[in-house]
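Chemist: Predicted model follows, preceded by the sequence.
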Amino acid sequence: MKECVKMSYFVSVENLPLADLNQLLERASYFKNNGRSPKFNQPIYAANLFFENSTRTHCSFEMAERKLGLTVIPFDPAASSVKKGESLYDTLLSLNSIGVQLAVIRHPENNYYQSLIDLNANQQLDLGIINAGDGSGQHPSQSLLDMLTIKEQFGHFAGLKIAIIGDLTNSRVARSNMQLLQRLGAQIYFSGPKYWYDAAEFGQYGNYLPLDQLVDQMDVVMLLRVQHERHQSETDFDASTYHQMYGLTKERYQQMKDNAIIMHPGPINRGVELDSDLVEAPKSRFAEQMRNGVFIRMAMLEAVINGRKLGGI
């Protein structure tokens, strides 16, 4: 087996070495093309702790774990001691104490993982943390599956024109992707409601343009879900108006380059970010992104397994 990436944790793509990124993409492609999963000499126990609702990421991680032959320990936050006020650290300490070695965590708090990694001298947590999304911060597995999807389409990243459109302020997908794509040499553009665009943050990665000025120039049109649950004061949102101003309509779809692709992290608000008829259109890679998610998460889990020398390796 080729040398694989080794990591103690996988919580962010911000400082992920590009050599590691390329190895992870290659490993995911290997798994996707019916490559054999590694054979472990000892059982590996994993738990998925999702403190925010999730379909794709949660089920995809569990599928990846099962394909790797891991034993998945069920965890339901609604039926856990978290409801009694137990801290995240103490929950993980409990799981670790009974034998859980990997924890995949989705949490509403940005950087929740930092205190689980930077332990003090008295703390005994010995657990591989894989970040499945933290607040509006990072979403490493979504970012990597997006990179795999783009690479499959174009074979490279340098010089590609990629638009990230929509609810930028609340998007961990936007942040993770812009960090990687800039380092990979892509040209990044932003669009959507101007009040969701922070020039100080996003301007260092790319330029803002109105949607109709960029849609016919882009290689990748990446749409973001409007995250209504994070807009606490939202009272006047109109789906039809948003779609006409900032969504990918059928008319805008016709203006796209012949080999351009549409991407969306899901879940999709049909008729808002994307016309419902375009979700499975020829240029859409929505379903392929979800397929790729299983294999990239296998590669991520394997990297932490290797880094922590689990399974008897």
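Modeler: It's in.
Chemist: This protein: strands as residue ranges?
Modeler: 45-50, 71-73, 102-107, 128-134, 161-165, 187-191, 206-208, 220-223, 261-263 (DSSP state E).
Chemist: hey, which of those is tucked in deepest?
Modeler: Among those, strand 220-223 has the highest mean neighbour count (mean count of other C-beta atoms under 10 Å), at a mean of 26. From N, CA and C alone the C-beta is placed, and that goes for glycine too.
Chemist: re earlier: with distance to Phe61 and mean pLDDT as added columns, please give the strands of the chain in a markdown table.
Modeler: As requested, the strands of the chain are arranged in a markdown table below (distance: least, C-beta to C-beta, whole Å; pLDDT from 0 to 100):
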| stretch | distance to Phe61 | mean pLDDT |
| --- | --- | --- |
| strand 45-50 | 6 | 98 |
| strand 71-73 | 9 | 98 |
| strand 102-107 | 5 | 98 |
| strand 128-134 | 6 | 97 |
| strand 161-165 | 24 | 98 |
| strand 187-191 | 27 | 98 |
| strand 206-208 | 30 | 96 |
| strand 220-223 | 22 | 98 |
| strand 261-263 | 20 | 98 |
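Chemist: Turn those into JSON lines, including distance to Val294.
Modeler: Formatted as JSON lines, these follow (distance: least, C-beta to C-beta, whole Å):
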{"stretch": "strand 45-50", "distance to Val294": "14"}
{"stretch": "strand 71-73", "distance to Val294": "14"}
{"stretch": "strand 102-107", "distance to Val294": "13"}
{"stretch": "strand 128-134", "distance to Val294": "14"}
{"stretch": "strand 161-165", "distance to Val294": "23"}
{"stretch": "strand 187-191", "distance to Val294": "27"}
{"stretch": "strand 206-208", "distance to Val294": "30"}
{"stretch": "strand 220-223", "distance to Val294": "20"}
{"stretch": "strand 261-263", "distance to Val294": "17"}
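Chemist: Of those, give the one that comes closest to Arg27.
Modeler: Closest approach to Arg27 among these (C-beta to C-beta): strand 128-134, 15.1 Å.
Chemist: Could you pull out the buried residues of stretch 306-313?
Modeler: Residues Asn306, Gly307, Arg308, Leu310, Gly311 are the ones in stretch 306-313 that count as buried (16 or more other C-beta atoms under 10 Å).
Chemist: do the same with stretch 144-152
Modeler: Result for stretch 144-152 [16+ other C-beta under 10 Å]: buried residues Leu144, Leu145, Asp146, Met147, Leu148, Thr149, Ile150, Lys151.
Chemist: Same check on stretch 22-36?
Modeler: Gln23, Leu24, Leu25, Arg27, Ala28, Ser29, Tyr30, Phe31, Lys32.
Chemist: Figure out how far that stretch is from the centre of its chain.
Modeler: Mean C-alpha position of stretch 22-36 versus that of the full chain (C-alpha atoms, centre = their mean, to the nearest Å) differs by 18 Å.
Chemist: what residues does it touch?
Modeler: 2-5, 37, 67, 144-145, 147-148, 151-152, 291-292, 295-296, 298-300, 302-303 (C-beta atoms under 8 Å, 6 or more residues apart in numbering).
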